[in-house]
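>>> Mind folding the following:
(2 chains)
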Amino acid sequence: MTAKAARWIFYLGTLISLVLFLVLTVDTHRQIDALTHVDQLSETVVAGKRVWHKYNCNDCHTILGFGSYYAPDMTKAYWRRGAEGIKAVVRNPERFTTWRKMPRQNLSEQELDQLVAFLQWTSAIENNDWPPQDRKYRAAAGRGAILGLSPGAALFQEKGCFACHSVYGTGGDSGPELSHAGSRLNPEQIERILTDPRSSNPEATMPVFELSHEERDQLAQFLAELK
Amino acid sequence: MSIAYRSQRVAYPYFVIALLLFVLQVAMGVWLACNYAFTMPQWLVDAFPFSTARAIHTNLLVLWLLLGFMGSTYYMVPDETERELYSPTLAYVQLALLVGTGVTALAGFLVGWTKGKPLLEIPFPLDWLIVVGALIFLFNVGMTMLGARRWTATQGSLLGGLVFLALMYLFNLPFYRNLSIDWYYWWWVIHLWVEGAWELVAAALTAWLLMKITGVPRETVEKWLYVELGLFLFTGIAGTGHHYYWIGAPKYWLWVGGIFSALEPLPILLMLVDAAHYVRERRGRLNGRLVFTLAIGMAILHVVGAGFWGFLHTLPQINYYTHGSQVTVAHGHLAFFGAYVMLNVMFFYYAVPRLKGLTAYDERRGNIGFWWMSVTMVVITLAFSVAGVLQTYIERVMGMGFMTAQAQMRFWFAVLVVLGLCMLGGVIYTVRDLLTLRPRRDEAEIGDVTAQLRRAAG
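The predicted structure is shown next:
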């Protein structure tokens, strides 16, 4: 190879790749607003992103698969745990972790709301269905009405009950399995547990969720029907 | 062996600080492995969380590698341009500024002062001070080259890489409202650094050093340097697309990223072939083998870590399952070690004896250090890979929970604690050797005998 040919490889190779990359970057900017639902990108979501940065969440968790690999990916965390589920963990991480722990960082209630808004927006990004393990939560994620689910089933998802309890093989395992809850408990007993989780078991680690009377009723109905 | 230009001396403090930070970086790595393997008490997790330790580990890596590159550049440029540095004083000011900023940032992480973006945690206004430091550096190197007696492709590659490096850092400065766009430009810093700008700098430093130690003519080395750089940039720039598969960018990135990054090992392979070729074709007396060993070792580990381990999970069909798992960690460790840690170590072993005016030095410890660190790092990569495959299968393919997978991987993290300690030992051994290089024993004895004879005669 001559020195001249070598120089041509350098200039042409660099130029072709650079032009292609810049053209696609311009096009990506044109398409990304739709793919990430920028119409939903409110000031609250942006404030939530700042909360995400402020507490350096990304140096333990990945999001969109980037960051550190010490803790679960947060891209579809909203699908997995719902708003209340996320807040419960961030408020009292020591109740939800076992041998690998998360620091207690004392977020304000406003910060928690913003963080949840950010994670809710993130979960809707059209990212070719990544990560694979969270695809199964998609059907449940805030689409209860469309799928014709009962209001209680929708609440079960929305309040993050799946974070600890599993139903028919979906959900966490730190709380009791609830696929047949209705054969053990009647609606009144379930309502009592929801009001005060320690009333039936003093050792219970389940947090108290703020539910309206109607919500508590709907959840209890839903669970009592699982037999 | 000694230096031809007085101002090359500014390189030495850069090397010393880089090496000390290297030790700290690896020590922090061992602590991270402990966090994976053992259960830490909640009060400790609250006071010093994994996230803080990880920010320190990665920022130390970037800081020491860059200080090493800068020192190496200051060592090489006077020789290549055949004149003294434009301003040695500025070089010291720059070092003080960068180290001061770096140490402040690390201390800041401990109290939660962070930008919260992985690898680029250094917050405002410290990030701007880094820019100032980089500008001083570019000004100093650029002014030296402007007044040079000759302009070479090696200089061009070095200056081009350094400007490219500084330019890309600017994409880290704004706040991005949209998370997807944030990551899009995050990779302009991270990917275009390690698979673009840093490769240019590394190729230039390696080409220069190989010319020096092998005596292979400049025309040959610089001709292949052009081809290497052309391939690096051709595959590397569009290859950035392999990070855009799952961030909410258009689908064509699966094709562009897949195809271009599948070609990314080519320039690295060419570098290995070239290095091996120059070493075989060397002219003149062999003055020490260690730097040759390091050059070939670097080229091989660069191919394995950056090339092969990168290729393994770069195709979208595979990356869908391995993305953001310990497979990435395996690749990251061997790639950084093979490409950039080895480059710095090789350059230090070339430059430090000359800065100290040693004709020959005891190479035994350098050799042991090289094998100790390299073998350990290869085994570390294998351990991370096993953990990564477990995670990919249990969490991603079977769809079980994150912690279920982590429980199965835990044994390998315990293995990594032991390997990490072994690595730390190798690093301390090598750093200690570099900082205390002394003449080879036979030469030292000859020196003693000469002195005795002189005394006897006097």
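
>>> What ranges does chain A have for its strands?
A:62-63, A:66-67, A:166-167, A:170-171 (DSSP state E).

>>> quick one: which of the ones you listed is nearest A:L178?
Nearest to A:L178, of all these, is strand A:166-167, at 5.3 Å by CB to CB. Where C-beta positions appear, they are placed from N, C-alpha and C, glycine not excepted.

>>> avg pLDDT for the closest one?
The average of the pLDDT scores along strand A:166-167 is 83.

>>> Are it and chain B in contact anywhere?
No. Applying CB under 8 Å from any CB of the partner chain, one finds strand A:166-167 separated from chain B by no less than 10.0 Å.

>>> which of the strands of chain A is buried the deepest?
Looking across these with neighbours counted as mean count of other CB atoms under 10 Å in any protein chain shown, the highest average goes to strand A:66-67: a mean of 25.

>>> just to revisit the earlier point, worst mean pLDDT among the strands of chain A?
strand A:170-171 - the lowest mean pLDDT of these, at a mean of 74.

>>> got a list of what the residue nearest to the spatial centre of chain A touches?
Central residue check for chain A by CA atoms, centre = their mean: the C-alpha nearest the mean position is that of A:A77, 1.6 Å away. Counting by CB atoms under 8 Å, 6 or more residues apart in numbering or on different chains, A:A77 touches A:I86, A:L119, A:S123.

>>> so which of the residues you listed is the most crowded?
Per-residue neighbour counts (other CB atoms under 10 Å in any protein chain shown) across these peak at A:L119, which has 24 neighbours.

>>> Skipping adjacent residues, who's closest to that residue in space?
A:Y78 (4.7 Å; CB to CB, 6 or more residues apart in numbering or on different chains).

>>> How much space separates that neighbour from chain B?
As for A:Y78, its distance to chain B is 13 Å (criterion: CB to the nearest CB, to the nearest Å).

>>> what number of residues lie near that residue?
In terms of burial, A:Y78 registers 26 neighbours under the definition other CB under 10 Å.

>>> Over to B:T450?
Counted with other CB under 10 Å, the burial measure for B:T450 works out to 10 neighbours.

>>> for the one 3 residues further on, same thing?
Applying other CB under 10 Å, we find 10 residues neighbouring B:L453.

>>> cool, and B:A96?
Look at B:A96: counted by other CB under 10 Å, it has 12 neighbours.

>>> so where's chain B shaky on pLDDT?
Under the criterion of pLDDT under 70, the regions of chain B flagged as low confidence span B:285-287, B:441-449, B:458.

>>> and B:V131, what helix or strand is that in?
Here B:V131 is covered by helix B:126-146, with elements defined by DSSP states H and E.

>>> and that helix, how far from the chain's centre?
Chain-centre distance of helix B:126-146: 20 Å, with CA atoms, centre = their mean, to the nearest Å.

>>> Contacts for the following helix or strand past it next, please.
Later in the chain than helix B:126-146, the nearest helix or strand by DSSP H and E is helix B:153-169. Contacting residues not belonging to helix B:153-169 are listed as B:73, B:76-77, B:80-81, B:130-131, B:134-135, B:137-138, B:141-142, B:145, B:148, B:188-189, B:192-193, B:196-205, B:207-208, B:211, B:221-222, B:225-226, B:229 [CB under 8 Å, 6+ apart].

>>> Check these for burial and list the buried ones.
B:73, B:76-77, B:80-81, B:130, B:134, B:137-138, B:141-142, B:145, B:148, B:188-189, B:192-193, B:196-205, B:207-208, B:211, B:221-222, B:225-226, B:229 (16 or more other CB atoms under 10 Å in any protein chain shown).

>>> filter those residues down to the ones close to chain A.
Residues shared between the buried ones among the contacts of helix B:153-169 and the neighbourhood of chain A are B:E222, B:Y226, B:L229 [CB under 8 Å from any CB].

>>> related to what we said a few turns ago, I figured the residue nearest to A:L119 hits A:F118, correct?
No. Between A:Y78 and A:F118 there is no contact under CB atoms under 8 Å: 9.3 Å.

>>> circling back: next step: the buried ones among the contacts of helix B:153-169 restricted to helices.
Secondary structure assignment (DSSP state H) places B:73, B:76-77, B:80-81, B:130, B:134, B:137-138, B:141-142, B:145, B:188-189, B:192, B:198-205, B:207-208, B:211, B:221-222, B:225-226, B:229 from the buried ones among the contacts of helix B:153-169 within helices.

>>> picking up where we left off before, elements contacting the helix holding B:V131?
For helix B:126-146, the elements it packs on are helix B:50-81, helix B:88-110, helix B:153-169, judged by 3 or more CB pairs under 8 Å, 6 or more residues apart in numbering or on different chains; DSSP states H and E.

>>> and which of the contacts of A:A77 is nearest chain B?
Distances from chain B to the contacts of A:A77, taken as CB to the nearest CB, are shortest for A:L119 (10.1 Å).

>>> where do the helices sit along the stretch 201-350 of chain B?
B:218-239, B:252-262, B:265-280, B:290-302, B:309-312, B:316-322, B:326-336, B:342-355 (DSSP state H, counting those that start in this stretch).

>>> cool, and chain A?
Using DSSP H, the helices assigned to chain A run over residues A:3-35, A:43-54, A:77-91, A:93-96, A:109-123, A:144-147, A:151-158, A:181-184, A:187-195, A:213-224.

>>> Can you flag the weakest of these by average pLDDT?
Of all these, mean pLDDT reaches its minimum on helix A:144-147 (a mean of 45).

>>> surely B:L390 meets B:F411?
No. Counting by CB under 8 Å, B:L390 sits too far from B:F411 to count as a contact (9.5 Å).

>>> of those two, who's got more company?
Neighbour count, other CB under 10 Å: between B:L390 and B:F411, B:L390 has more, with 19 against 14.

>>> what sits against B:V386?
By CB under 8 Å, 6+ apart, the contact set of B:V386 is B:W412.

>>> before we move on, the earlier item: give me whichever of the helices and strands packed on helix B:126-146 is most buried.
When you average the neighbours per residue for each of those (mean count of other CB under 10 Å), helix B:50-81 leads with a mean of 24.

>>> orientation of that helix relative to helix B:342-355 in degrees?
For helix B:50-81 against helix B:342-355, the angle by axes from the mean of the first three to the mean of the last three CA atoms, to 10 degrees is 50 degrees.

>>> quick one: helix B:50-81 to chain centroid distance?
7 Å.

>>> That helix vs helix B:153-169, what angle?
With the same axes, to 10 degrees defining the directions, helix B:50-81 sits at 150 degrees from helix B:153-169.

>>> And for the residue of the stretch 101-250 of chain B found nearest chain A, the neighbour number?
Nearest to chain A in the stretch 101-250 of chain B, going by CB to the nearest CB, is B:G116, at a distance of 2.9 Å. B:G116 has 22 neighbouring residues, counting by other CB under 10 Å.

>>> Check the gap between the nearest residue to it once chain neighbours are set aside and A:D59 for me.
Leaving out its chain neighbours, the residue that sits closest to B:G116 by CB to CB, 6+ apart is A:H53, at 2.9 Å. A:H53 sits 10 Å away from A:D59 when distances are taken as CB to CB, to the nearest Å.

>>> Need the residues touching each of the two.
Any residue near both A:H53 and A:D59 by CB under 8 Å, 6+ apart counts here, and that gives B:G116.

>>> Counting neighbours, go ahead and name the busier of these two.
Set side by side, A:H53 and A:D59 show more neighbours around A:D59, with 27 against 18, by other CB under 10 Å.
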